[in-house]
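K.L.:
Predicted model follows, preceded by the sequence.
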Amino acid sequence: MNGTLIPNTPFAVDFWQIRKCSHVRLFFLSHLHSDHTSGLSSTWSRSIYCSPITAKLLRWKFQVEETLIQPLEIGESHLLYLDEVGKETMTVTLIDSNHCPGSVMFLFDGYFGTILYTADFRYTPTMFSSSPLNTRKKIDALYLDNTNCDPESVLPSRHEATEQIKEIINSHPEHDIVIGKNHITL
């Protein structure tokens, strides 16, 4: 997917080509992988909405002005203004995408209907057992990243991947291993 101007709205997700989006008022960043930040740099001059972890990484990696980074808590609905006078609003809810530290999906609600933008995510059935995806709310538009949706592709489960990582670490005791993660359950 790697960046989208959401049609008939004043917002974009993972889209940083400012010349192509002069009408855009709100910019959202799903996570900090390079395919979702192409075009983003320290000269960026507009507010960016993202998760708190992505906000910290964004400041560190791109040196974006701290006042432009707007961290939004995951799992809470946030009211944002779509115009200069505050007449037109929308809500956005960040949902943990189970992909990498700080990565999120966005659930947008406003005059345009309800939009779910997944970006990269790792599906788990529990995603639909908690709010906001358990409300049976109608999704009017779905922006689905299908990078790993090839039926020929077999990805290990999170548990299997964890076991493989542990095996690799244990087989190299002479090396220092550094893993960056907001939490690890072994």
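P.N.:
Ah, there it is.

K.L.:
Tell me the buried residues in stretch 88-103?
P.N.:
Of all the residues in stretch 88-103, those buried under the rule 16 or more other CB atoms under 10 Å are M90, V92, T93, L94, I95, D96, S97, N98, H99, C100, G102, S103. Where C-beta positions appear, they are placed from N, C-alpha and C, glycine not excepted.

K.L.:
from those, which two are the most distant?
P.N.:
Spanning the widest gap among those are M90 and C100, at 26.1 Å by CB to CB.

K.L.:
can I assume R19 sits in a helix?
P.N.:
Yes - if the criterion is DSSP: H, G, I helix; E, B strand; the rest coil, then R19 is within a helix.

K.L.:
For it, give its distance to G39.
P.N.:
To G39, R19 is 10 Å away according to CB to CB, to the nearest Å.

K.L.:
Strands of the chain, residue ranges please.
P.N.:
4-5, 11-13, 26-28, 48-50, 69-71, 77-81, 89-96, 104-110, 113-117, 141-143 (DSSP state E).

K.L.:
Determine how far stretch 112-123 lies from the middle of the whole chain.
P.N.:
Distance of stretch 112-123 from the chain centroid (CA atoms, centre = their mean, to the nearest Å) equals 9 Å.

K.L.:
Show me the helices in the protein, by range?
P.N.:
52-62, 158-170 (DSSP state H).

K.L.:
and which of the buried residues of stretch 88-103 is nearest V178?
P.N.:
Nearest member of those to V178, counting by CB to CB, is C100, at 15.6 Å.

K.L.:
contacting residues for the closest residue to the closest one other than its chain neighbours?
P.N.:
Spatially, and ignoring its direct neighbours in sequence, C100 is nearest to H31 (5.8 Å; CB to CB, 6 or more residues apart in numbering). H31 makes contact with S51, T54, S97, H99, C100, G102, S103, V104, A119, D120, according to CB atoms under 8 Å, 6 or more residues apart in numbering.

K.L.:
was I right about the last one contacting H99?
P.N.:
Yes - here D120 lies in contact with H99, judged by CB atoms under 8 Å, at a distance of 4.6 Å.

K.L.:
got a list of what the spatially most central residue of the chain touches?
P.N.:
Nearest to the mean C-alpha position of the chain, counting by CA atoms, centre = their mean, stands S30 at 2.0 Å. The contact partners of S30, by CB under 8 Å, 6+ apart, come to 13-14, 36, 50, 54, 97, 103-106, 117, 119-120.

K.L.:
One more pass at 10 Å, please.
P.N.:
For S30, the contact set (CB atoms under 10 Å, 6 or more residues apart in numbering) comprises 1-3, 13-14, 36-37, 50-51, 54, 94, 97, 99, 102-106, 117-121, 145.
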